[in-house]
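J.: sequence and computational prediction follow.
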Amino acid sequence: MRMLKYLFFIAFFSSMLSLPALAEDEKLALDDTEEKTEEKTSDPLEGLNRVTSGFNSLFRTVIADPIITTYKAVTPDPIEKGISNFARNLTEPVTAASSLLQGDTENASNAMGRFFINTTVGIGGLNDTAGEHGLTANQEDLGQAAGAAGMGGGAHIVLPFFGPSNFRDATGDVLTTLVNPLHTFTSAANASTSYAENREELDALTKDSVDPYVVERDAYEQNRQYKIDNGETQFIDIPDFEDD
């Protein structure tokens, strides 16, 4: 039962992080992929998904948000930053493996380099020493690797505590956990600290929305497509015409 609870909280916070606070240029890129994402999104379980989404929203309001508010109030900023760095550092091996599956040896080397430097010089990952020296993080997972290989997301699903996902991404998370049980705990730590950092932006995403469910669903699918494309905007080739 304890393991099941961990899985619930991991997936919930991870799902919230699928709707991150984006920089302005990233928002523009997501706009360019919106039409393509909408065409591919399959939501045959929309009725059930809406009920579950409502439950998750209540859970955030009654339980998760008060915990996060208390955490941020009692934790000094330097310690909070150190915890966040430590949690993110533990995800680097998964990024390396997922990058290799995509044939991206450069990012795989970057991830392992970050993990080695931050684990040693960065005092177990508490300091992002690698980032300070130009090795920036570019997280990858099995869902992204499968998407890059051409696998579609499949049916959109919303599970209790797990939040928005799809068949491809949920399967990737399960397989990663089966191969490396520690992934369960590292994902929980990383997702929880990141949610604490981005909670206000996430709340603003659906605060004034007429249909929060659609906003969350589309934001999730668009953001996943953005990550699969490595932030590259897809353009339509327009043929050349004669001047006349």
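T.: Received the coordinates, thanks. In this text the structure is predicted, and so the values were computed from the model without any measurement.
J.: does Asn138 touch Asn110 like I think?
T.: Yes. The pair Asn138 / Asn110 is scored as a contact, 6.8 Å apart, by Cβ atoms under 8 Å. From N, CA and C alone the C-beta is placed, and that goes for glycine too.
J.: joint contacts of these two?
T.: Counting by Cβ atoms under 8 Å, 6 or more residues apart in numbering, Asn138 and Asn110 have no shared contacts at all.
J.: more neighbours: which of those two?
T.: Ranked by neighbour count (other Cβ atoms under 10 Å), Asn138 and Asn110 place Asn110 first, with 21 against 16.
J.: once you drop chain neighbours, what's closest to that one?
T.: Leu135 (5.8 Å; Cβ to Cβ, 6 or more residues apart in numbering).
J.: so where does that neighbour fall, helix or strand?
T.: Leu135 is part of no helix or strand when elements are defined by DSSP states H and E.
J.: also His156?
T.: strand 156-159.
J.: which other helices and strands does that strand contact?
T.: Other helices and strands packing on strand 156-159, by 3 or more Cβ pairs under 8 Å, 6 or more residues apart in numbering; DSSP states H and E, are helix 46-59, strand 163-166, helix 167-179, helix 212-228.
J.: single out the most deeply packed of these.
T.: strand 163-166 (a mean of 25; mean count of other Cβ atoms under 10 Å).
J.: output that one as CSV, nothing but the C-alphas.
T.: Once non-C-alpha atoms are left out, strand 163-166 reads as follows in CSV (Å, rounded to 0.1, in the frame of the first residue of the first chain):
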residue,chain,number,x,y,z
GLY,A,163,-3.6,13.5,-13.8
PRO,A,164,-3.4,14.0,-17.6
SER,A,165,-1.4,11.5,-19.7
ASN,A,166,-1.8,9.2,-22.6
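J.: thinking again about what came up before, tell me how many other residues crowd the residue nearest to Asn110.
T.: Neighbours of Leu135 (other Cβ under 10 Å): 17.
J.: looking at it, it is touching Gly113, isn't it?
T.: Yes. Leu135 lies in contact with Gly113 (Cβ under 8 Å); the separation is 5.6 Å.
J.: assign a three-state SS to Ala130, would you?
T.: At Ala130 the chain is in helix, as set by DSSP: H, G, I helix; E, B strand; the rest coil.
J.: check Gly231 too.
T.: Gly231 ends up coil, using three-state DSSP.
J.: so what pLDDT did it get?
T.: pLDDT recorded at Gly231 is 72.
J.: and the gap between it and Ile117?
T.: Between Gly231 and Ile117 the computed distance is 24 Å (Cβ to Cβ, to the nearest Å).
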